[in-house]
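1. coordinates for the following, if possible.
(chains A and B)
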There are 2 protein chains.
Amino acid sequence: MVAAFSRRDLWDSDPVQHLNVHSSHQVIAALQGMLLVEDDAARRPLYQRAAAFIPAGKPHRVVAMHRTDSVRCYSLFFHPTLFPVPDSSIRLFRTSDLCCALLQKMNEHNLVDITGGIEGRCLGLFLSLLPEEMEHRCESFRLPVASTERSRRVIEYLNSRFSSELRLHQIAGAMALSERQLSRGFKHDMGITVMEYAKVCRLIHASYLLLHQESKIIDVAHDSGYASVSTFHRDFKRYFGVAPNRFRRSTGKPESKLDETPQ
Amino acid sequence: MVAAFSRRDLWDSDPVQHLNVHSSHQVIAALQGMLLVEDDAARRPLYQRAAAFIPAGKPHRVVAMHRTDSVRCYSLFFHPTLFPVPDSSIRLFRTSDLCCALLQKMNEHNLVDITGGIEGRCLGLFLSLLPEEMEHRCESFRLPVASTERSRRVIEYLNSRFSSELRLHQIAGAMALSERQLSRGFKHDMGITVMEYAKVCRLIHASYLLLHQESKIIDVAHDSGYASVSTFHRDFKRYFGVAPNRFRRSTGKPESKLDETPQ
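-> Residues are numbered from 1 along each chain as shown, chains lettered A, B, ... in the order given. Okay, the predicted model is just below:
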């Protein structure tokens, strides 16, 4: 049995409906595009320069942020005996330059055994660094996961309309439900309101645009269904903890490697 | 005896006049500014994103490109038994993202033993990668080294006047020599003419400006003593193998780490 191997993926197909489970631990990083990492409790956005640790045995699903986009990822799978974990939760963390470079090196060839040779040394070092890396959490927020078919349909509808300023009666109309049925059912299943969920979807979409396009903030706001830039700014900061401009500067861009000031 | 250690340097003093020798192999990389790596035969510019391998026992000197600048470097010293070398020459090479990140990690603390723990793993990996890294040579050209006091004085004079379009009679005047004395003596000692040497100094200065300033090419040309941009362009390309603009784009900037296309 191979104790560790690497895999490169190109996501351009429809996401699978079921959650996956595998017997190895997995570390996954998005090279391009944005991923949504989902377990039975939540769905969380995964950006460039960040990685997700998915423990062995954990039911999960990784989907592309936009179905139309190709998302490229690096994955690393390794036997649970190689890395003891404190708990069985999925952890999103910001990778250092070194871990980033190691991940890239181990993924130079696809689907190869990386237990020996230079890759083996890379893996050994990667696993030594991992506990500290995993402390640099980057989880701005989570989206709850639907458990009823109706909620799933509503979410699918919301996910296809990032850029519209949606009203409750429109969504209800499209779903052939009364506003009351929609609101009550969704809130009961998801724990948050339809409009709150729609807002978070639009903010995730905005964060995607910030990272992948050079557009001005005002255009990002409009393309995410915000008529007012100041409302966009306020909402974005509330969910992401930083202003849109700062988010764009700090996330997704590789850090300069050799410009640190020695003490 | 410590088999390997790291050192961070900040060069802001006058360069030493003699060549150094040490009993360890050394790998040195400039973090900021430009270094000139000199042995008994030549002086070569060392840019960001490149490193020099200096074998144990090799007489050498590393000086800052501009005396007024602070140059920051990372060095790694390791016992010759850890890395057998094919020959005793200094090698300048372009570092990969991974080697760059490893060097940075091993230099997180100054003057520490890096034979054990995570640093030891980094060193092991670094040394495994080094033979391949060293194949990516980046030696655009060499400057000959002075062996007479008179040539040394001429070079010092040229090095302080990068930005002037110097004439032979001016240099001779400043050195209190006839043009004939200057030309013959310098060519005899150095193997190239005074004006050729001055040109290379100005081009190295230009390469420094390209990497460290946002100035337009025309301003870089003027600041390096070129009245004509097309002459600057032609000379630069002849010595560096690439046009000034391409040089600026390709050297010194950290490569994007996670944007490689998986096959």
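2. shaky segments in the stretch 101-250 of chain A?
-> Applying pLDDT under 70 to the stretch 101-250 of chain A flags the ranges A:140.
3. within range of chain B, give me the residues from the stretch 101-250 of chain A.
-> A:101-102, A:104-105, A:107, A:110, A:118, A:121-122, A:124-125, A:128-129 (C-beta under 8 Å from any C-beta of the partner chain). Every C-beta, even on glycine, is put in place using the N, C-alpha and C of the backbone.
4. all strands for the stretch 51-200 of chain A, in order.
-> A:61-64, A:71-78, A:91-94, A:143-144 (DSSP state E, counting those that start in this stretch).
5. now those strands in TSV, with mean neighbour count?
-> Compiled in TSV, these are given as follows (neighbours: other C-beta atoms under 10 Å in any protein chain shown):
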stretch	mean neighbour count
strand A:61-64	20
strand A:71-78	23
strand A:91-94	20
strand A:143-144	18
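6. who wins for proximity to B:Lys58 among these?
-> strand A:71-78 (39.3 Å; C-beta to C-beta).
7. and that closest one, how far out from the chain middle?
-> How far strand A:71-78 lies from its chain's middle: 13 Å, per C-alpha atoms, centre = their mean, to the nearest Å.
8. and that strand, what's its mean pLDDT?
-> Average pLDDT, strand A:71-78: 87.
9. what's the most distant pair in the residues of the stretch 101-250 of chain A next to chain B?
-> Across those, no pair lies farther apart than A:Asn110 and A:Ser128, at 24.5 Å, counting by C-beta to C-beta.
10. okay, and which of the residues of the stretch 101-250 of chain A next to chain B map to helices?
-> With helices taken from DSSP state H, the overlap with these comprises A:101-102, A:104-105, A:118, A:121-122, A:124-125, A:128-129.
11. filter the residues you listed down to the buried ones, ChimeraX style.
-> Those of those that count as buried under 16 or more other C-beta atoms under 10 Å in any protein chain shown are selected in ChimeraX with:
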select /A:101,102,104,105,118,121,122,124,125,129
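12. which one of the ones in helices among the residues of the stretch 101-250 of chain A next to chain B sits closest to B:Ser163?
-> A:Ala101 (38.3 Å).
13. so who does that closest one touch?
-> Counting by C-beta atoms under 8 Å, 6 or more residues apart in numbering or on different chains, A:Ala101 makes contact with B:96-98, B:100-102, B:257.
14. not counting sequence-adjacent ones, nearest residue to A:Asn245?
-> The spatial neighbour of A:Asn245 that comes closest, neighbours along the chain excluded (C-beta to C-beta, 6 or more residues apart in numbering or on different chains), is A:Ile217 at 6.4 Å.
15. hmm, A:Val229 and that neighbour touching each other?
-> Yes. In this structure, A:Ile217 is within contact of A:Val229 by C-beta atoms under 8 Å, at 6.6 Å.
16. pop the domain breakdown of chain A in here.
-> As recorded under automatic domain parsing, the domains making up chain A are A:4-133, A:146-250.
17. any chance of the ones you listed in JSON lines, with distance to B:Ile204 too?
-> Supplementary listing: these in JSON lines, determined by distance: least, C-beta to C-beta, whole Å:
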{"stretch": "domain A:4-133", "distance to B:Ile204": "29"}
{"stretch": "domain A:146-250", "distance to B:Ile204": "33"}
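18. which of those is buried the deepest?
-> Most buried of these, by mean neighbour count (mean count of other C-beta atoms under 10 Å in any protein chain shown): domain A:4-133, with a mean of 18.
19. related to what we said a few turns ago, between the domains of chain A, which one is nearest to B:Gln26?
-> domain A:4-133 (21.4 Å).
20. next one: the closest one to chain centre, how far?
-> Here domain A:4-133 is found 11 Å from its chain centre; the criterion is C-alpha atoms, centre = their mean.
21. can you give me the end-to-end span of it?
-> End-to-end distance of domain A:4-133 (C-alpha to C-alpha, to the nearest Å): 19 Å.
22. try stretch A:125-139
-> Terminal-residue distance, stretch A:125-139 (C-alpha to C-alpha): 25 Å.
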